[in-house]
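Participant: Structure for this input, please:
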Amino acid sequence: MEEKCEVKAFETIKIKKKYGEVEKGVVFRKLPERPEHGQWAKKAKEEGRLPVYLRDGFGDWPELNPGTYDISLGIICERDVEIVMRDGAKTYGDIYRPKDQADIPCIISWSWFGKRACTEDDDPEYQTPGVPYGSYSRHCKFEGPDPEYWCHKGYAICNYDHRGVNNSEGDIEHTTHQEGEDAYDLIEFLADLPWCNGKIGMSGSSGLAVVQWKAASLKPPHLACIAPWEGIVDQYREMVCIGGIPECGFCPYLVFSFYGKNFMEDFYLMTKESPYYDEYWADKNPKLEDIEVPAYITAGWSHFHLRGSTDAFQKISSKQKWIRIHRDFEWPDYYARENIADLNVFFDRYLKGIRNGWESTPIVRMDVMDAYGFDFQIKRGEDDFPLARTEYKKLYLDGKHGSMKDDPISCKSKISYDANKGRATFDIKFVEDTELTGYMKLHLWVEAIGNDDMDLFCAVQKLDKDGKFLPTNIVGAPHPGTTGRLRVSLRELDEEKTTFFRPYHTYNKPEKLEEGEIVPVDVEIWPLSRFWHKGEQLRIEIAGHYFREDWFEPFDYDTINKGRHVIHTGGEYDSYLQIPVIPPKYTAGDYAYR
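Facilitator: Now for the predicted structure:
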């Protein structure tokens, strides 16, 4: 079948890598040459590669120019500091720190995006959606901590170009063991500098969060704490092949956003080489149980980092761990004044040893979303996630009426839709106020007409009493609902990791469908927290295509659909949506405290 998504041609090589006893050829792509300093944004715009959320791009790639200079009153930058890895590879970082201060901790800002802003303008148009102009300085690395804030608070910031980025030697790899070892080496290098107090932290969102899991799992002696602001932990299940369906929009776009002198591992092309979950993909997953340092974790109910962040919170071994799950997008959340101040308290406690009462912070803080830009509750404190008081309930699908019922449906029926353009919906009206917080799963009996496979895209939505869609708004755009996806041929479950409330798929044993075959599947739906008022409706929408409007990240999927999809309900076909109902903490008559 012809692939839906195309990427332009470029030079590639295969490098042999060992994963345990297995050797695989990993695809590396030649990085484009570095443009002249200050020309990155112009070049990227001409080539159509500039992210719409940045007016001047990620970061710049100037020639090496070591030296120390003042960036503002009381802050210096040691530019292009050479940092040698254990295998001799030379890498480079810009270290910002308070002038004439010693015995201070350092926070690492690590990513592929370039350590220096791509403009020499003192007032750059360097913005991200939802972040007010002027919120951070031109010394702030994309998605990272701003030196002009943290240095005034008594911290050093290391904006780091890791292996393969810009002038740093080697090839770029993504969430590999090599990357973890390099982070270890950087941490120990910084801790040994004469001005450092020997305590290193890590901060940043998205790509800057992902490496923190790898680094912390290797237990570098001087890593004192981490603050991963929304970071995936399973690249296959959470980014490149969610539900076993290859992502072909954002991933190739991302790998074309970097420059360097050598090669970069191309994880998009690796979905062609290794379409199923194997040793290659497993190597990218950190050993979360080996993480023991204090951790301040965030997750967003509306972005693809959600699954990894909530998984990490549950699985890391740290005795001091906190998670805050918010309704916003990662960038406005990371740069919000109150959240910067909150993170400052955490770092003061674990990087400076200041006893400031941080331990009284609720272990879990979460926003309970309502509709549009409004939340039912903000930063509600809880003791755990998922919540111990969760009451799981099955809502049975009725294909005849396009509805869901509390009790099993005795009469068999079915509903079908065009595999590429159609969709099916099932609704239920809540007769009382209802909060859903936690994990959902969708159990379906499905059949493919005219094909031997199916790609399913599901969304849990909220409607008003009259059936009008009530989205949550994220950075001004409507969110399509809490999602779940599955390629039906990859329906096999890992029985050891599957729980009552959450299916866990192996993604490595494809089972194609026979003509007329009806099979049961369990679709993992990512967590949510949302409130339905009495009379409002819950909808599960099922389709063969990705649906999201007015969104700037170019997500798209290599689907295999054709013909028609059929969903069977009722009788022996007990299709249902299982929901996590949260009862009030306290009730008195009509009063309910949540």
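Participant: mind listing the strands for the stretch 451-594 of the chain?
Facilitator: Using DSSP state E, counting those that start in this stretch, the strands found in the stretch 451-594 of the chain span residues 455-463, 473-474, 477-478, 482-487, 519-532, 537-543, 564-569, 576-581, 586-588, 591-593.
Participant: In JSON lines, list those along with mean pLDDT.
Facilitator: As requested, these are exported to JSON lines (pLDDT from 0 to 100):
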{"stretch": "strand 455-463", "mean pLDDT": "97"}
{"stretch": "strand 473-474", "mean pLDDT": "93"}
{"stretch": "strand 477-478", "mean pLDDT": "92"}
{"stretch": "strand 482-487", "mean pLDDT": "97"}
{"stretch": "strand 519-532", "mean pLDDT": "98"}
{"stretch": "strand 537-543", "mean pLDDT": "98"}
{"stretch": "strand 564-569", "mean pLDDT": "98"}
{"stretch": "strand 576-581", "mean pLDDT": "98"}
{"stretch": "strand 586-588", "mean pLDDT": "93"}
{"stretch": "strand 591-593", "mean pLDDT": "91"}
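Participant: Throw these into TSV and include distance to residue 342 and mean neighbour count, thanks.
Facilitator: The C-beta positions use only the backbone N, C-alpha and C, and glycine is treated the same way. Output for those, formatted as TSV (distance: least, C-beta to C-beta, whole Å; neighbours: other C-beta atoms under 10 Å):
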stretch	distance to residue 342	mean neighbour count
strand 455-463	29	23
strand 473-474	21	18
strand 477-478	26	16
strand 482-487	26	24
strand 519-532	19	22
strand 537-543	33	22
strand 564-569	45	23
strand 576-581	27	21
strand 586-588	27	9
strand 591-593	25	10
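Participant: which residues in the chain form helices?
Facilitator: Ranges of helices in the chain, per DSSP state H, are 40-47, 147-150, 177-191, 207-217, 235, 250-255, 270-273, 279-282, 306-315, 330-334, 337-351.
Participant: a markdown table please, covering these and showing distance to residue 408, mean neighbour count and mean pLDDT.
Facilitator: Shown next, in a markdown table, are these (distance: least, C-beta to C-beta, whole Å; neighbours: other C-beta atoms under 10 Å; pLDDT from 0 to 100):
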| stretch | distance to residue 408 | mean neighbour count | mean pLDDT |
| --- | --- | --- | --- |
| helix 40-47 | 56 | 16 | 56 |
| helix 147-150 | 57 | 22 | 96 |
| helix 177-191 | 48 | 21 | 96 |
| helix 207-217 | 42 | 27 | 95 |
| helix 235 | 39 | 21 | 96 |
| helix 250-255 | 40 | 20 | 84 |
| helix 270-273 | 39 | 18 | 93 |
| helix 279-282 | 38 | 18 | 95 |
| helix 306-315 | 30 | 21 | 97 |
| helix 330-334 | 41 | 23 | 94 |
| helix 337-351 | 45 | 17 | 98 |
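Participant: so which of those comes closest to residue 18?
Facilitator: Across those, the minimum distance to residue 18, taken as C-beta to C-beta, is reached by helix 279-282, at 9.1 Å.
Participant: returning to what we had before: Serialize the strands of the stretch 451-594 of the chain to TSV and add fields for distance to residue 215.
Facilitator: Below are the strands of the stretch 451-594 of the chain laid out as TSV (distance: least, C-beta to C-beta, whole Å):
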stretch	distance to residue 215
strand 455-463	34
strand 473-474	29
strand 477-478	33
strand 482-487	29
strand 519-532	25
strand 537-543	39
strand 564-569	43
strand 576-581	33
strand 586-588	42
strand 591-593	41
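Participant: quick one: which of the ones you listed is nearest residue 324?
Facilitator: In terms of C-beta to C-beta, the element of the strands of the stretch 451-594 of the chain nearest to residue 324 is strand 519-532, at 12.1 Å.
Participant: Mind giving me the packing neighbours of the closest one?
Facilitator: Applying 3 or more C-beta pairs under 8 Å, 6 or more residues apart in numbering; DSSP states H and E, one finds that strand 519-532 contacts helix 306-315, strand 364-371, strand 374-382, strand 434-449, strand 455-463, strand 482-487.
Participant: Now do the shortest one: which elements does it pack against?
Facilitator: Helices and strands touching strand 482-487, as assessed by 3+ C-beta pairs under 8 Å, 6+ apart, comprise strand 434-449, strand 455-463, strand 519-532.
Participant: Tell me which of the helices of the chain sits nearest to residue 567.
Facilitator: Taking C-beta to C-beta, helix 306-315 is the member of those nearest to residue 567, at 24.6 Å.
Participant: just checking, what packs against that closest one?
Facilitator: Looks like helix 306-315 contacts strand 295-300, strand 321-326, strand 519-532 (3+ C-beta pairs under 8 Å, 6+ apart).
Participant: quick check: angle from it to strand 364-371?
Facilitator: Put simply, helix 306-315 runs at 150 degrees to strand 364-371, going by axes from the mean of the first three to the mean of the last three C-alpha atoms, to 10 degrees.
Participant: export helix 306-315 as CSV, just CAs?
Facilitator: Once non-C-alpha atoms are left out, helix 306-315 reads as follows in CSV (Å, rounded to 0.1, in the frame of the first residue of the first chain):
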residue,chain,number,x,y,z
LEU,A,306,0.9,12.8,29.5
ARG,A,307,1.3,9.0,29.5
GLY,A,308,5.0,9.1,30.2
SER,A,309,4.9,11.7,32.9
THR,A,310,2.2,9.9,34.9
ASP,A,311,3.9,6.5,34.4
ALA,A,312,7.2,7.9,35.6
PHE,A,313,5.6,9.3,38.7
GLN,A,314,4.2,5.9,39.6
LYS,A,315,7.3,3.9,38.8
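Participant: tell me how far that helix is from the chain's mean position?
Facilitator: Computed by C-alpha atoms, centre = their mean, to the nearest Å, the separation of helix 306-315 from the middle of its chain amounts to 10 Å.
Participant: again, but for stretch 282-300
Facilitator: Computed by C-alpha atoms, centre = their mean, the chain-centroid distance of stretch 282-300 equals 13 Å.
Participant: Stretch 423-437 now?
Facilitator: Distance, stretch centre to chain centre, for stretch 423-437: 27 Å (C-alpha atoms, centre = their mean).
Participant: mind listing what's buried in it?
Facilitator: Across stretch 423-437, burial judged by 16 or more other C-beta atoms under 10 Å covers 423-428, 430, 434-437.
Participant: Identify the residues contacting residue 540.
Facilitator: Taking C-beta atoms under 8 Å, 6 or more residues apart in numbering, we find residue 540 in contact with 397, 404, 425-426, 442, 458-461, 577.
Participant: if we go to 6 Å?
Facilitator: With contacts taken as C-beta atoms under 6 Å, 6 or more residues apart in numbering, residue 540 has the following neighbours: 426, 460, 577.
Participant: Show me the shaky parts of this structure.
Facilitator: Applying pLDDT under 70 to the chain flags residues 1-9, 33-61, 117-127.
Participant: Which parts of it belong to which domain?
Facilitator: Using automatic domain parsing, the domain parsing of the chain gives 12-361, 391-587.
Participant: Residue 319 - how many residues pack around it?
Facilitator: Counted by other C-beta atoms under 10 Å, the residues lying close to residue 319 total 8.
Participant: now it: how far from residue 366?
Facilitator: Distance from residue 319 to residue 366, counting by C-beta to C-beta, to the nearest Å: 21 Å.
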